[in-house]
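> no sequence for this one, just the structure:
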């Protein structure tokens, strides 16, 4: 009995120490909203993210100022008036793959997953749940998803004058290419 | 002894619960410190009348239409100056790179063409690189195309020209307050009389206080260092007070000023109106920015 516990703990320690973590520092998050006047579109290619395949936990972190628009004025308004990025520089996501068992991380292929967690933008946190795909490739993991968010859920106020310019929701695209984290 | 493994287990369980925070910490440790450049020290490339630290980003064209109406003390018959709608400057201003902009304009005041360049030398930033203020260098040439007053004498083309050099130093103290100092040097090739100096020195100060996310109150003053009694014409230091109003695609600047010119050479050196006597002009600038060249971005991976 004693030995069993010991082995159990040892294996637990082993798992914890050799956690299967994958990371990226230049993941992609973009958002898009079509309006009759002009499309609102921004791309961020410097999103950091970690995926722990042993638990299915995943986190993202994006600097708001790293979202770039075609129109510099729009980018300035985004930072100054909507996101207040000097005060609130980051957006983040903390969540997990709810069905990690359906992914075989040792075999190349594309797997459907559901991700659930807390999305924090503009210091406001909402629970989101979205479908996505995990693609296991040699030497890495790609994750991607598309979902919609409503700016007002994140206390991003859109003034009456320009409200008509916005679609109610923004389509968010996530594309991450993870590489394994080297264990120290 | 039997209890020890249990304790270890108990210690490890909460560690598992906070796994996502651990992942977050891992990210924080691995993300490099970024340089966080201060943006929007001023809403537009002008404080009100004179230039601000801001420049157009690369590939963006600013089309500007500026008006100064007549003086308020011209009375009710002229509807306090609003009937006098003849003082206009049209400008096209373009960002070549993110640190260099150029512009050309034509103003009614003395039928003047002007061209300028503005370089961004220092940018206020925090994070990996800390820079407490922004500094730009501004230089312009003004060409007065008004007919020479005395066509009989030999008039040179160079007599039409005046030059301006400015150093713009600004700091955005917080979200709502920005302040700028503007040492200015003006050289005029030809002046009205021999008593007038060809060279003028001035120190300008300007600032803004944001009243809401889209409206700010701005003030701007230039102090002329040269003794004014030496000039053939009584000139006053230009003072402008007004508002920046920003809508989706436009920036409107609505203000009151004692200056009728819309370029530095005229604003600083040739303002003959006095606030005290009511020579106050209502004026506005409209700025509309067009994107001519899209920034090259890496394609989504």
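Good, I have the coordinates. The structure displayed is predicted, hence computed values, not measured ones.

> Name the nearest residue to whichever residue of chain A sits closest to chain B, sequence neighbours excluded.
Using CB to the nearest CB, residue A:72 is the residue of chain A that sits closest to chain B, at 3.9 Å. For the C-beta atoms, the positions are set from N, CA and C on the backbone; glycine is no exception. Using CB to CB, 6 or more residues apart in numbering or on different chains and skipping the chain neighbours, the partner closest in space to residue A:72 is residue B:57 (3.9 Å).

> In contact with that neighbour, which residues?
With contact set as CB atoms under 8 Å, 6 or more residues apart in numbering or on different chains, residue B:57 has these partners: A:72, B:95, B:98.

> still on that earlier bit, where does the residue of chain A closest to chain B land on pLDDT?
Among the per-residue scores, residue A:72 shows a pLDDT of 83.

> That one: neighbour count?
Here the neighbour count serves as a burial measure; for residue A:72 (other CB atoms under 10 Å in any protein chain shown) it reads 20.

> Distance check, it against residue A:83.
From residue A:72 across to residue A:83, the span is 15 Å (CB to CB, to the nearest Å).

> hang on, the earlier thing: can you tell me which of the contacts of residue B:57 lies closest to residue B:153?
Each of the contacts of residue B:57 was checked against residue B:153 using CB to CB; the closest is residue B:95, at 42.7 Å.

> wait, the residue of chain A closest to chain B sits on residue B:289?
Yes: shown here, residue A:72 and residue B:289 form a contact pair, counting by CB atoms under 8 Å, at 7.4 Å.

> residue ranges of the strands in chain B, please?
Counting by DSSP state E, one finds strands in chain B at the ranges B:35-37, B:60-71, B:88-97, B:100-107, B:112-122, B:125-127, B:134-144, B:161-172, B:177-188, B:199-210, B:215-224, B:239-246, B:250-257, B:281-291.

> Please convert these to CSV, extending it with mean pLDDT.
Rendered in CSV, the data for those read as follows (pLDDT from 0 to 100):
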stretch, mean pLDDT
strand B:35-37, 86
strand B:60-71, 93
strand B:88-97, 95
strand B:100-107, 96
strand B:112-122, 96
strand B:125-127, 88
strand B:134-144, 96
strand B:161-172, 97
strand B:177-188, 96
strand B:199-210, 95
strand B:215-224, 96
strand B:239-246, 95
strand B:250-257, 94
strand B:281-291, 93
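
> how about JSON lines for those strands, with distance to residue A:35 added?
Formatted as JSON lines, the entries for these read as follows, by distance: least, CB to CB, whole Å:
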{"stretch": "strand B:35-37", "distance to residue A:35": "29"}
{"stretch": "strand B:60-71", "distance to residue A:35": "21"}
{"stretch": "strand B:88-97", "distance to residue A:35": "25"}
{"stretch": "strand B:100-107", "distance to residue A:35": "29"}
{"stretch": "strand B:112-122", "distance to residue A:35": "32"}
{"stretch": "strand B:125-127", "distance to residue A:35": "33"}
{"stretch": "strand B:134-144", "distance to residue A:35": "33"}
{"stretch": "strand B:161-172", "distance to residue A:35": "31"}
{"stretch": "strand B:177-188", "distance to residue A:35": "31"}
{"stretch": "strand B:199-210", "distance to residue A:35": "26"}
{"stretch": "strand B:215-224", "distance to residue A:35": "24"}
{"stretch": "strand B:239-246", "distance to residue A:35": "19"}
{"stretch": "strand B:250-257", "distance to residue A:35": "17"}
{"stretch": "strand B:281-291", "distance to residue A:35": "16"}
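
> Indicate which one of those strands is closest to residue A:78.
Across these, the minimum distance to residue A:78, taken as CB to CB, is reached by strand B:239-246, at 13.0 Å.

> got the buried residues for the closest one?
Residues of strand B:239-246 classed as buried under the neighbour-count rule (16 or more other CB atoms under 10 Å in any protein chain shown) are B:239-240, B:242-246.

> neighbours of residue A:36, just the number please.
Applying the criterion other CB under 10 Å, we find 8 residues in the vicinity of residue A:36.

> What of residue A:99?
By other CB under 10 Å, the residues close to residue A:99 number 13.

> for residue A:40, same thing?
Per other CB under 10 Å, the neighbour tally for residue A:40 reads 18.

> Which strand residues bridge it?
Per DSSP bridges, the residues bridged to residue A:40 are residue A:33.

> pretty sure it contacts residue A:74?
Yes: proximity of residue A:40 to residue A:74 meets the contact threshold set by CB under 8 Å, at 7.1 Å.

> Is any residue of stretch B:178-198 near chain A?
No: Stretch B:178-198 lies out of reach of chain A by CB under 8 Å from any CB of the partner chain, never closer than 12.1 Å.

> now that stretch, how far from the centre of its chain.
A distance of 19 Å separates the C-alpha centroid of stretch B:178-198 from that of its chain, computed with CA atoms, centre = their mean, to the nearest Å.

> Can you list the buried residues in that stretch?
By neighbour count with 16+ other CB under 10 Å, stretch B:178-198 contains the buried residues B:178-180, B:182, B:184-186, B:188, B:191, B:196.

> Name all residues that make contact with residue B:234.
With the criterion set at CB under 8 Å, 6+ apart, residue B:234 makes contact with B:228, B:272.

> ugh, wrong one, I meant residue B:56
Contacts of residue B:56 by CB under 8 Å, 6+ apart are A:72, B:45, B:62, B:93-95, B:101, B:289.

> now, the most widely separated pair of these?
Taking CB to CB, the two most distant members of the contacts of residue B:56 are A:72 and B:93; they sit 13.2 Å apart.

> What does the pLDDT read for residue 11?
Picked chain A for this. As predicted, residue A:11 sits at a pLDDT of 54.

> let's do chain B instead
At residue B:11 the predicted local confidence, pLDDT, stands at 57.

> Then residue B:160?
93.

> Quick check: chain neighbours aside, which residue is closest to it?
Setting aside the residues directly before and after it, residue B:160 is nearest to residue B:144 in space (CB to CB, 6+ apart), at 4.8 Å.

> now residue A:172
residue A:31 (4.9 Å).

> check contacts around that neighbour.
A:40-42, A:67, A:170-173.

> export the residues you listed to JSON lines and tack on distance to residue A:137?
Converted to JSON lines, the contacts of residue A:31 look like this (distance: CB to CB, whole Å):
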{"residue": "A:40", "distance to residue A:137": "32"}
{"residue": "A:41", "distance to residue A:137": "28"}
{"residue": "A:42", "distance to residue A:137": "27"}
{"residue": "A:67", "distance to residue A:137": "27"}
{"residue": "A:170", "distance to residue A:137": "29"}
{"residue": "A:171", "distance to residue A:137": "26"}
{"residue": "A:172", "distance to residue A:137": "23"}
{"residue": "A:173", "distance to residue A:137": "19"}
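
> Give the ChimeraX command for selecting the buried subset of those.
With 16+ other CB under 10 Å as the criterion, this ChimeraX line picks the buried residues out of the contacts of residue A:31:
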select /A:40,41,42,67,170,172
